[in-house]
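> The following comprises the amino acid sequence and a computationally predicted model.
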Amino acid sequence: MPVETDSRPRADGGSDSGDSDDSPVTPQAIVDSIRAAPVPVVNTQYLAGQYSTSVEEMHEQLSAMVEDGTLEHLYVEERWHLWWLSLEDELTE
């Protein structure tokens, strides 16, 4: 599946294809960001912007979290990826 791209400038002046911070984002930090988001479903750009990482790197990490059952995922109109916390993961909290 293609990774969504967004050429719009971000508020921090960066772009989704620019350099990213070398420190990895922890799965728990991603979970916390989704819980704190204004809506319970987020897209890849939202999370990449939260951590100043590229959309591609964030997509890879989110996909791994789907594989381990932490997140659920929907690919919309062959363009957008939506992510949310799995019900099973939420019930254990």
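Right, received. Where do you want to start?
> residues of stretch 60-68 that come out buried?
Judged by neighbour count using 16 or more other C-beta atoms under 10 Å, the buried positions of stretch 60-68 are Gln61, Leu62, Ser63, Met65. For glycine as for every other residue, the C-beta is placed from the backbone atoms N, C-alpha and C.
> okay but the first one is in contact with Val31, surely?
In other words, Gln61. No: counting by C-beta atoms under 8 Å, Gln61 does not reach Val31; the two are 11.7 Å apart.
> Give me the common contacts of those two.
Both Gln61 and Val31 lack any common contact, where contact means C-beta atoms under 8 Å, 6 or more residues apart in numbering.
> mind checking how far the residue lying closest to Tyr46 once chain neighbours are set aside is from Val76?
Among residues not flanking Tyr46 along the chain, Ala37 sits closest, at 6.9 Å (C-beta to C-beta, 6 or more residues apart in numbering). As judged by C-beta to C-beta, to the nearest Å, Ala37 and Val76 stand 17 Å apart.
> Looking at these two, which is more packed in?
Ala37 (15 against 10; other C-beta atoms under 10 Å).
> With Ala29 as the reference, measure out to the more buried one.
Applying C-beta to C-beta to Ala37 and Ala29 gives a distance of 13 Å.
> Repeat that for Val76.
25 Å.
> One more: Asn43?
Asn43 is 17 Å from Ala29, by C-beta to C-beta.
> the more surrounded of these two?
With neighbours defined as other C-beta under 10 Å, Asn43 and Ala29 compare such that Asn43 has more, 18 against 13.
> Phi first, then psi, for the more buried one.
phi -100, psi 170 (degrees, to the nearest 10).
> isn't it right up against Tyr75?
No: at 11.0 Å, Asn43 does not count as touching Tyr75 under the criterion of C-beta under 8 Å.
> Spit out the residues that contact those two alike.
In contact with both Asn43 and Tyr75: His81, using C-beta under 8 Å, 6+ apart.
> Just name the shakiest helix or strand of this protein by mean pLDDT.
helix 87-91 (a mean of 75; mean pLDDT, DSSP states H and E).
> Flag every buried residue along that helix.
Asp89.
> helix or strand for Val66, which one?
Using DSSP states H and E, Val66 maps to helix 55-67.
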